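> I'll drop the sequence and a predicted model, then ask my questions.
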Amino acid sequence: MLDRFLRAFSLTAGTDGHVPEERPSAADRLLSAFGGSTFNGGLYRIHTWQSRAQADAFNAHAGAGGGRGA
């Protein structure tokens, strides 16, 4: 799946795409290889490990009802 994405979209800023094999999931391999990168002039942006953790915390808070207005 990642190979198809890389053939369709060109890396415009970020890492060289080295994928360490010790990460189990495809999403983790994607973050390890391209975290912080953009493709096709910013059409796609890949989270960093830090921004992923922040997004996960935000989603957990919102999912628990913390994102609702008064």
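Alright, I've got the coordinates.

> hey, which helix is longest across the protein?
helix 49-63 (DSSP state H).

> name the residues that touch the lowest-mean-pLDDT helix or strand in the chain?
One helix or strand of the chain scores below all others by mean pLDDT, DSSP states H and E: strand 11-13, with a mean of 79. Outside strand 11-13, the residues that touch it by CB atoms under 8 Å, 6 or more residues apart in numbering are Gly17, Phe34, Ser37, Thr38, Phe39, Asn40, Gly41, Gly42. Using the backbone N, CA and C atoms, a C-beta is placed for each residue, glycine as well.

> just the ones of those residues in helices?
Phe34.

> drop anything exposed from the contacts of strand 11-13.
Phe34, Ser37, Thr38, Phe39 (16 or more other CB atoms under 10 Å).

> just give me the closest of the residues you listed to Trp49.
Phe34 (11.6 Å; CB to CB).

> quick one, what contacts the nearest residue to that closest one once chain neighbours are set aside?
Nearest non-adjacent residue to Phe34, counting by CB to CB, 6 or more residues apart in numbering: Ile46, 4.6 Å away. Ile46 sits next to Gly14, Leu30, Leu31, Phe34, Gly35, Gly36, Ser37, Thr38, Phe39 when contact means CB under 8 Å, 6+ apart.
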